[in-house]
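Peer 1: here are the coordinates; sequence isn't available:
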């Protein structure tokens with residue numbers, strides 16, 4: 001019996017599967033997505049699988065190991081740019097788990113619903129997209145309130161770093177511009193901006209207090225660093241609190257949650 005093997009269709013099939021697996025791995029591990037890296041990783045995985053399909057010189061078990069360890073590591077390195085061997089190993093595990101989920105889904109769609117290969121791929125793509133969004137939201141909700149962010153404030157050519165909490169209850173706004181307001185403890189600003197060009201006042205309400213005003217400084221720039229990303233905010237408004245914001249020192253600054261969502 002003879003079979004016709006279409007290398008171009010096989011390349012496209014594996015390319016789309018690799019993209020789906022990488023997307024699921026990114027969602028499961030909350031690893032930032034980089035579109036050029038994802039496309040390069042999927043293309044590299046497809047090329048390697050095409051070579052193995054055309055030149056099957058290794059035993060099946062060896063090819064499986066090579067695909068899981070060698071090709072998977074190459075794809076993770078291109079897609080996620082891990083900085084340490086531990087991060088690469090974690091990404092490999094996530095990619096392997098995502099591949100198992102996809103493989104089981106495709107098999108079930110073809111065997112139970114009698115879908116063709118491309119119909120099952122389209123259905124799996126939709127399911128993977130919804131699953132990825134679900135995992136991202138679920139993990140975000142789970143870690144909300146525990147994640148800390150590195151924040152840099154810049155003023156008069158100097159900078160200082162703070163450990164910040166994204167506060168979902170922070171509704172402070174600068175009255176004139178309506179810009180969101182961050183909060184920092186005054187003691188953490190000593191030696192950094194002891195003298196400022198001007199102060200604005202932010203109205204607020206709190207439990208046990210009818211109303212009040214917080215002095216605030218407009219800094220030159222703020223940088224928020226998390227998940228290998230940096231968000232830059234020009235002329236941020238930062239209110240100054242008289243009391244420490246955290247009893248255990250877990251954070252020294254509050255930023256609006258909208259800055260990191």
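Peer 2: On my side now, so go ahead. Keep in mind that what you see is a predicted model, and the values were worked out from it rather than measured. Residues are numbered from 1 along each chain as shown.
Peer 1: if I've got this straight, residue 205 is in a strand?
Peer 2: Yes - counting by DSSP: H, G, I helix; E, B strand; the rest coil, residue 205 is part of a strand.
Peer 1: separation between it and residue 258?
Peer 2: 19 Å (CB to CB, to the nearest Å). C-beta coordinates here come from the backbone N, C-alpha and C atoms, glycine included.
Peer 1: mind checking how far residue 55 is from residue 49?
Peer 2: Taking CB to CB, one finds residue 55 at 11 Å from residue 49.
Peer 1: repeat for residue 73
Peer 2: For residue 73 relative to residue 49 (CB to CB), the value is 15 Å.
Peer 1: the more surrounded of those two?
Peer 2: residue 49 (20 against 16; other CB atoms under 10 Å).
Peer 1: low-confidence ranges in the stretch 1-150 of the chain?
Peer 2: 1-6, 56-69, 104-146 (pLDDT under 70).
Peer 1: rerun at 50
Peer 2: Counting by pLDDT under 50, the stretch 1-150 of the chain contains no low-confidence residues.
Peer 1: just the strands in it please.
Peer 2: With DSSP state E, counting those that start in this stretch as the criterion, the stretch 1-150 of the chain has strands at 148-155.
Peer 1: Show me what stretch 169-178 is in contact with.
Peer 2: 179-183, 200, 202-204, 214, 216, 237, 239, 254-257 (CB atoms under 8 Å, 6 or more residues apart in numbering).
Peer 1: Mind checking which of those residues are buried?
Peer 2: 180-183, 200, 202, 204, 214, 216, 237, 239, 254-257 (16 or more other CB atoms under 10 Å).
Peer 1: nearest to residue 229, of the residues you listed?
Peer 2: residue 255 (14.4 Å; CB to CB).
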